[in-house]
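**Q** take this sequence and fold it.
(one chain, ligands or ions: 3)
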Amino acid sequence: MPLSNRWTLTRYLIEERRRFPTAGGDLNALILDVSLACKAIARIVAFGSLGDSLGAVAGPQGGGLNVQGEVQKPLDVLSNEIFIRMNEWNGHLAGLASEEMDEPRQIPGAYPRGKYLLVFDPLDGSSNIDVNVSVGSIFSILRAPQDVIDSGRDVTEADFLQPGATQVAAGYALYGPVTMLVLTVGNGVAGFTLNPNLGEFVLSHPNIQVPPDTTEFAINSSNARFWEPPVKRYVDECLAGRTGPRGRDFNMRWIASMVAEAHRILMRGGVFMYPRDTKDPAKPGRLRLLYEANPVGMVMEQAGGRASTGRQPVLGLKPTALHQRIGLVFGSKNEVERIERYHHDPATRDSGTPLFAERSLFRD
Ligand code: AHG
Ligand code: MN
Ligand code: MN
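**A** Numbers count the residues shown, from 1 in each chain. Ligands and ions are numbered 1, 2, ... in the order given. This is a model prediction of the structure:
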C-alpha cells in the first residue's frame, strides 16, 4: 500500500475520538506524548554500545538497585526519565508511577494537573539489552479518582490501586528489528510500525486478533521444580505431544522479554506463563500487576485473547500495592481457559503446595 494511504497514529486516534463527540482530546494528546517517549527510547536503544547507556548504574556495589532489589541499568533509569520528561508537563496527568520509582511521582508545581494517571514499565526485558535482544516499554492509562481531579491534590499510592478493567488505554512499544507501538483505547487493538524516514508510527496491523488455539507455549522451565501442580500438569501434557492427552506436538519459546512474548502471541497465538510458584514465598509471582500484567492483559482481552492469574482474570483484581507481583498467564483463549480449569480441578488444585494452600496471604 502506498505510504500516503496508511493512517498515522495521530489519524487513528482522531478517528477513534470521533466515536465520542464529547471527548476533549486529552487522552489522544497524552498517548501521542507517550509515543514520543517511546520513539526517543527507540533511538537510544538503536545506538547500542555506541551510545553510553549500557552496563549497570554505578553504585556502592557496582550496580544501582530499584525498589524491588533488581539491578538498574542506565537504560532503565534513562527510559524512566524520558517517560517523565515527555509527560509531566502536558497538563493531562495527575501523577505517574513506574517500576523504577518507589513512590508515585507528583506533577511539578510549574505545570497544570490533569485527569489521568500514567503507569509504566519504561524498559521491559532489560536483561536483554546487553545481548541485542528485543526490549520494550509498557504503559497503562487510568483515570484519576474524581477527588484528585477536583482538588488537584498530590496523588498517593492508593489512587493507583484500580482494577485493570478500569484502564482507559494501554499498550506497549517493542524495540526489535523494527520499532512498533501496539495500542488499545478500548476498541480492539491496533499495531503501528515506526517509519524511520518519517519518524511516525504508521498503522500496519489494524484489528489484531489472537488466534484462540495454539501449539506454542512460553515458560521459564528452569523454575519447573517450584511450579504448582496445575502448571506442571499443563506443561507435562504439552511436552508429551502427540503421544499424550493433547494429541498434538507443541513448540516452546522463551525470550525473557515479556513484551516480545506478548507481541509474538498477538501475531500468531501462543500462551505465556510466569505463574505463581514456590521459589520465593515473599513473591507471589515474578511480574508486576500494575505496569506489566494489567496493560498486557487489556491488550490481550481486547484482541480476543485472555489474561489470568491462573485462577481468575487479571483485569478483575483489586491491586493492593503499587509494585504488587502476580502470577500471570496470557494468550490464546482456549489454552488460558484450560490452565484455569487445571487450577480449579480438585485433582491438581493446591496439592503439594501446603504453603499456598494454607496461607491466605498468597491467594488472589
Ligand atoms: P524487567 O526487565 O522490566 O524487570 O522485566 C523482565 C521480566 C519479563 O520481561 C520477562 O518475562 C521476565 O522478567 C524474565 O524472567 P526470567 O529472568 O525468569 O527469564
Ligand atoms: Mn518488565
Ligand atoms: Mn523494566
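**Q** residues of the protein that sit close to ligand 3?
**A** Counting by CB under 5 Å from the ion, the residues of the chain lying close to ligand 3 are 99, 121, 123-124. (C-beta placed from N, C-alpha, C; glycine too.)
**Q** now, the residues you listed that are in helices?
**A** In helices, judged by DSSP state H, none of the residues of the chain next to ligand 3 are found.
**Q** can you narrow those down to the ones near ligand 1?
**A** Cross-checking those against ligand 1 (CB under 6 Å from any ligand atom) gives 99, 121, 124 as the overlapping residues.
**Q** list only buried entries from those.
**A** With burial judged by 16 or more other CB atoms under 10 Å, the buried subset of those is 99, 121, 124.
**Q** the residue nearest in space to the middle of the chain: what's it in contact with?
**A** The structure's the chain has its C-alpha centroid closest to Glu292; by CA atoms, centre = their mean the separation is 3.2 Å. The neighbours of Glu292, taking CB atoms under 8 Å, 6 or more residues apart in numbering as the test, are 121, 124, 138, 258, 328.
**Q** mind checking the SS state of it?
**A** Under DSSP: H, G, I helix; E, B strand; the rest coil, Glu292 falls in the helix class.
**Q** quick check: it vs Ile14, distance?
**A** Separation of Glu292 from Ile14 (CB to CB, to the nearest Å): 29 Å.
**Q** hmm, who's touching stretch 329-340?
**A** Counting by CB under 8 Å, 6+ apart, residues outside stretch 329-340 touching it are 210-214, 217, 230-231, 234, 262, 265, 269-273, 275, 296-297, 300, 304-312, 314.
**Q** confidence score at Ile41?
**A** Among the per-residue scores, Ile41 holds a pLDDT of 98.
**Q** helix/strand/coil for it?
**A** Put simply, Ile41 is helix when judged by three-state DSSP.
**Q** excluding sequence neighbours, find me the nearest residue to it.
**A** Take Ile41 and drop its neighbours on the chain: the residue closest to it by CB to CB, 6 or more residues apart in numbering is Ser79, 4.9 Å away.
**Q** that neighbour falls within a helix, correct?
**A** Yes - secondary structure assignment places Ser79 in a helix (three-state DSSP).
**Q** lowest-pLDDT helix or strand in this structure?
**A** helix 354-358 (a mean of 38; mean pLDDT, DSSP states H and E).
**Q** and the residues of the chain next to ligand 3, which is closest to His92?
**A** Using CB to CB, the shortest approach to His92 within those belongs to Asp121, at 19.9 Å.
**Q** and the closest one, what does it touch?
**A** 98-99, 137-139, 288, 291-292.
**Q** reformat those as TSV; add distance to Gly24.
**A** Conversion of the contacts of Asp121 to TSV gives the following (distance: CB to CB, whole Å):
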residue	distance to Gly24
Ser98	26
Glu99	30
Ser137	26
Ile138	26
Phe139	20
Arg288	31
Tyr291	26
Glu292	30
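**Q** for those residues, which one is nearest ligand 2?
**A** Minimum separation from ligand 2 among those (CB to the ion) is found for Glu292, which lies at 5.2 Å.
**Q** pLDDT score assigned to that closest one?
**A** Per-residue pLDDT puts Glu292 at 98.
**Q** what's the answer for Arg359, then?
**A** As summarised for this prediction, Arg359 has a pLDDT of 37.
**Q** equivalent analysis for Arg349, please.
**A** Reported pLDDT for Arg349: 75.
**Q** OK, contacts around it?
**A** Arg349 is in contact with 229-230, 343, counting by CB under 8 Å, 6+ apart.
**Q** which of those residues fall in strands?
**A** When the contacts of Arg349 are checked against strands (DSSP state E), there are no matches.
**Q** now pLDDT, neighbour count and distance to ligand 1 too, for the residues you listed, in a markdown table please.
**A** Shown next, in a markdown table, are the contacts of Arg349 (pLDDT from 0 to 100; neighbours: other CB atoms under 10 Å; distance: CB to the nearest ligand atom, whole Å):
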| residue | pLDDT | neighbour count | distance to ligand 1 |
| --- | --- | --- | --- |
| Pro229 | 98 | 17 | 20 |
| Pro230 | 98 | 26 | 19 |
| His343 | 98 | 24 | 20 |
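**Q** quick check, distance from stretch 13-33 to the centre of its chain.
**A** 22 Å (CA atoms, centre = their mean, to the nearest Å).
**Q** distance check, Ala218 against Ile326.
**A** Distance, Ala218 to Ile326, using CB to CB: 17 Å.
**Q** got the residues of this protein near ligand 1?
**A** Proximity of the chain to ligand 1 is assessed by CB under 6 Å from any ligand atom, with 70, 99, 121, 124-126, 220, 256-258, 274, 286 identified as the residues in range.
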